[in-house]
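Trainee: predicted model and sequence follow; I will ask about them next.
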Amino acid sequence: MMTAVEKIEEQFSSLRIAKRSVLSEEPAYLLDIDVSKSAQSGSSRFVAVSCSNKSIRIYNRETLNFLREYSSCPGILNGVRFAHACDGVVFSACSDGTIKCWDIRLATQKAVQTFSGYPSNVFISFDINCSDLIICAGTEKVEKDAFLVFWDARGDTNCASTSKEPLGVYSESHNDDITRICFHPIKPSLVVSGSTDGLVNVFDINKDNEDDALISTCNSDSSVSFIGWSGRDYKQVYCMTHDEGFCWWDLAQLDTEEPITLLHVLDVREAVCIENGSLNYLVGGWYHEKADKLLLIGGTSTGNIHLMNCGLDGLSLVGTLHGGHAAAVRSFCWDVTDESLLTGGEDAQLLLWKPGAAERSLAKKASLKIASSVQKRVRVHSTSLKSKKK
């Protein structure tokens, strides 16, 4: 019998490039990826990508054919998320202090709903809860304040052009930029936030005030770059840091005498042994429900993608994908239904990897030519957020 990790290793090693998006006229880093969720079929139809040129690009999930583009000008985009119940609705956070809702089914290039923050808000993170009822966004620190801002996400078709005001804010729990927001996958009232102050806070937003809502504060001792939920019933949280550290906590231990920290790795680049290669950075992670395994993705500046297994005894390499990207990978999305992987990078390419696939056309050489011109306009991965720690 194969172990769960061996099965994942076999699946990962069988991944080949099935599709490659056509390079657009204005190449841009692909910063964040989300796939639509279809309640009926279980399969997703669309991919949304937020790009460094302040646009959201929508692609067909199977063919990677480009469908449409939305502009967030003048603000900078920070994240893209599909609604859970409707696969044609996608949300984006913007540095201009708004969350916008776009409807792929409509011909319009305009947002169908805008959720406005308070005057000084610059949103750098956001998420929508699993029941599609609440949006939460995290702000940059302004003077002494960093806010979690909440809205009722339900659309009002009669006033699509007007901005929705926030339900309220949490203002006491972080004292620096709130870099990540992540709602619980199955409990709509639970949300975790991460910040450059090093704290990872878990809230139950059903509680009446911020003090009561704060269930747990975990300290990563560094600036948080990624957070997620893991474990059976998603009772664990984990984070990655801007200096490539990793922390993993078990919230089920909160009411016991046991320590809640499951693993704390100061520098994953030094902790994971990679033969004939290196690990330059972490991209993110996801919890594989079937295998009950937390998996992390990292990479190299030349575009190799490393998959790592996270265990109580540490991190170990599961496998490496070569030959896809020509520069650092910034974002990914794993699809459990067909065991496929979407990756986006600083080479302006969106790739779909599938088990045993055979790519018909190779457009990689074109991407290598544009990488240098993209880099002139956009801060490179290794320095983009570390400067904030000063």
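Mentor: Structure's in. What do you need?
Trainee: residue boundaries of the strands in the stretch 1-150 of the chain?
Mentor: Shown for the stretch 1-150 of the chain, the strands assigned by DSSP state E, counting those that start in this stretch span residues 15-20, 30-35, 46-51, 55-60, 66-71, 77-82, 89-94, 98-103, 113-116, 123-128, 134-139, 148-152.
Trainee: so for stretch 358-374, mean pLDDT?
Mentor: Mean pLDDT, stretch 358-374: 51.
Trainee: which residue packs closest to residue 13, ignoring adjacent ones?
Mentor: Excluding its sequence neighbours, the residue lying closest to residue 13 (CB to CB, 6 or more residues apart in numbering) is residue 319, at 5.0 Å. C-beta here means a position set from N, CA and C on the backbone, and glycine is covered the same way.
Trainee: ok, back up a step: including mean neighbour count, mean pLDDT and distance to residue 189, could the strands of the stretch 1-150 of the chain go into JSON lines?
Mentor: Output for the strands of the stretch 1-150 of the chain, formatted as JSON lines (neighbours: other CB atoms under 10 Å; pLDDT from 0 to 100; distance: least, CB to CB, whole Å):
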{"stretch": "strand 15-20", "mean neighbour count": "20", "mean pLDDT": "95", "distance to residue 189": "36"}
{"stretch": "strand 30-35", "mean neighbour count": "22", "mean pLDDT": "94", "distance to residue 189": "22"}
{"stretch": "strand 46-51", "mean neighbour count": "25", "mean pLDDT": "95", "distance to residue 189": "26"}
{"stretch": "strand 55-60", "mean neighbour count": "20", "mean pLDDT": "94", "distance to residue 189": "28"}
{"stretch": "strand 66-71", "mean neighbour count": "15", "mean pLDDT": "92", "distance to residue 189": "30"}
{"stretch": "strand 77-82", "mean neighbour count": "23", "mean pLDDT": "92", "distance to residue 189": "18"}
{"stretch": "strand 89-94", "mean neighbour count": "26", "mean pLDDT": "94", "distance to residue 189": "19"}
{"stretch": "strand 98-103", "mean neighbour count": "22", "mean pLDDT": "94", "distance to residue 189": "19"}
{"stretch": "strand 113-116", "mean neighbour count": "21", "mean pLDDT": "94", "distance to residue 189": "19"}
{"stretch": "strand 123-128", "mean neighbour count": "25", "mean pLDDT": "97", "distance to residue 189": "13"}
{"stretch": "strand 134-139", "mean neighbour count": "26", "mean pLDDT": "98", "distance to residue 189": "8"}
{"stretch": "strand 148-152", "mean neighbour count": "22", "mean pLDDT": "97", "distance to residue 189": "11"}
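Trainee: could you export the ones you listed as a markdown table, including distance to residue 170?
Mentor: Listed next are the strands of the stretch 1-150 of the chain as a markdown table, based on distance: least, CB to CB, whole Å:
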| stretch | distance to residue 170 |
| --- | --- |
| strand 15-20 | 40 |
| strand 30-35 | 23 |
| strand 46-51 | 25 |
| strand 55-60 | 27 |
| strand 66-71 | 29 |
| strand 77-82 | 18 |
| strand 89-94 | 16 |
| strand 98-103 | 16 |
| strand 113-116 | 16 |
| strand 123-128 | 13 |
| strand 134-139 | 9 |
| strand 148-152 | 4 |
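Trainee: can you name the residues bridging to the residue nearest to residue 13?
Mentor: Taking DSSP bridges as the rule, residue 319 bridges to residue 307.
Trainee: thought it was touching residue 11?
Mentor: No - here residue 319 does not reach residue 11: they are 9.0 Å apart, not a contact under CB atoms under 8 Å.
Trainee: burial of residue 205, as a residue count?
Mentor: When neighbours are counted by other CB atoms under 10 Å, residue 205 registers 19.
Trainee: same check, this time on residue 11
Mentor: By other CB under 10 Å, 18 other residues sit near residue 11.
Trainee: residues contacting the residue nearest to it when sequence neighbours are not counted?
Mentor: Of all residues not flanking residue 11 in the chain, residue 339 sits nearest, at 5.2 Å (CB to CB, 6+ apart). Residue 339 makes contact with 11, 354-355, according to CB atoms under 8 Å, 6 or more residues apart in numbering.
Trainee: try residue 9
Mentor: By CB under 8 Å, 6+ apart, the contact set of residue 9 is 318-319.
Trainee: can you start the count at 11 instead of 1 from here on
Mentor: New numbering, starting at 11: the last item is residue 19.
Trainee: how close does it sit to residue 278?
Mentor: Relative to residue 278, residue 19 is positioned 19 Å away (CB to CB, to the nearest Å).
Trainee: over to residue 145?
Mentor: Residue 145 is 31 Å from residue 278, by CB to CB.
Trainee: repeat for residue 117
Mentor: 45 Å.
Trainee: quick one: low-confidence ranges for this protein?
Mentor: In the predicted model of the chain, residues 49-53, 166-172, 369-400 satisfy pLDDT under 70.
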